[in-house]
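Undergrad: let's see this in three dimensions:
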Amino acid sequence: MKQVEADSEGRVRMGPGTLYGSIGRMIDAGLIRESDKRVDPERDDERRVYYKITGAGQDALALELERYRRVVAVASHRERHSPSAIAYVV
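TA: Alright, predicted model coming up:
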């Protein structure tokens, strides 16, 4: 939760329900799995759980990143050609 907030420069805050729900869905989908590796066992809280991205997770991440790149490319193209005509439908 702290990392998401830091990475987004405070624009995104994630609560525990969102975090653990997302982790559960990613495990169920085979995108991540629990890892037995510890970052620093000397300083680590033994309750902390680490996760590792799977091959399927790497593939899904690559596809999602490419999708975002295409969205950014389309938006950049439209902005260069007609800045006042950009409209986004969500």
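Undergrad: ok, residues contacting the strand or helix carrying Ala6?
TA: Using DSSP states H and E, the element containing Ala6 is helix 2-7. Identification of contacts with helix 2-7 by CB atoms under 8 Å, 6 or more residues apart in numbering yields Val12, Arg13, Met14, Leu19. From N, CA and C alone the C-beta is placed, and that goes for glycine too.
Undergrad: filter these to the buried ones?
TA: Among those, not one counts as buried by 16 or more other CB atoms under 10 Å.
Undergrad: closest to Tyr51 out of those residues?
TA: Taking CB to CB as the measure, Tyr51 sits nearest to Leu19 out of the contacts of helix 2-7, at 11.3 Å.
Undergrad: pull out the buried positions in the helix or strand encompassing that closest one.
TA: In this assignment (DSSP H and E), Leu19 forms part of helix 16-28. Across helix 16-28, burial judged by 16+ other CB under 10 Å covers Met26.
Undergrad: check stretch 42-50 too.
TA: For stretch 42-50, it's none, nothing buried (16+ other CB under 10 Å).
Undergrad: rounded mean pLDDT for it, please.
TA: What stretch 42-50 shows for mean pLDDT is 77.
Undergrad: ok so, going back, packing partners of the helix holding Leu19?
TA: Counting contacts by 3 or more CB pairs under 8 Å, 6 or more residues apart in numbering; DSSP states H and E, helix 16-28 packs against strand 32-35, strand 50-53.
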